[in-house]
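> model the following, please.
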Amino acid sequence: MHLRNIFGFGLLTLTACLGFFSNCRAENLAIGHFGSTNYGDWKMTGTAFNLGPASDGLLARLEIENARDNRVASSEIEGDGPTGTLTSPKFR
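Modelled structure (predicted):
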């Protein structure tokens, strides 16, 4: 078998694999959309998330960048003392 035939076969295989994997990418899925001062249908326990989503100037203080809608779930708002959970609704 000539080197040219091996390279052509390898290139064909690579092209087919790239085509397959490019079709397997998942779209971004927003699991949390905190566009207001509460967590919507998420279930909260304890006190770690009581103040609601972090937003605006608080994001800079917590060193959080690129927040969607400028709001994120954060248990650091009152430091390390509070504990609890924040559970999303079921999603697929």
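> OK, contacts around residue 71?
Residues in contact with residue 71 (C-beta atoms under 8 Å, 6 or more residues apart in numbering) are 34-36, 53-55. For the C-beta atoms, the positions are set from N, CA and C on the backbone; glycine is no exception.
> and it, how far from residue 80?
According to C-beta to C-beta, to the nearest Å, residue 71 and residue 80 sit 21 Å apart.
> going along the chain, name the helices of the chain.
Here the chain has its helices, by DSSP state H, at 3-22, 57-61.
> rank those helices by pLDDT, which is bottom?
For the helices of the chain, mean pLDDT drops lowest on helix 3-22, to a mean of 52.
> give me the buried subset of the contacts of residue 71.
34, 53-55 (16 or more other C-beta atoms under 10 Å).
> now those residues in JSON lines, please, with extra columns for pLDDT and distance to residue 87.
Formatted as JSON lines, these follow (pLDDT from 0 to 100; distance: C-beta to C-beta, whole Å):
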{"residue": "34", "pLDDT": "77", "distance to residue 87": "14"}
{"residue": "53", "pLDDT": "90", "distance to residue 87": "15"}
{"residue": "54", "pLDDT": "89", "distance to residue 87": "18"}
{"residue": "55", "pLDDT": "88", "distance to residue 87": "21"}
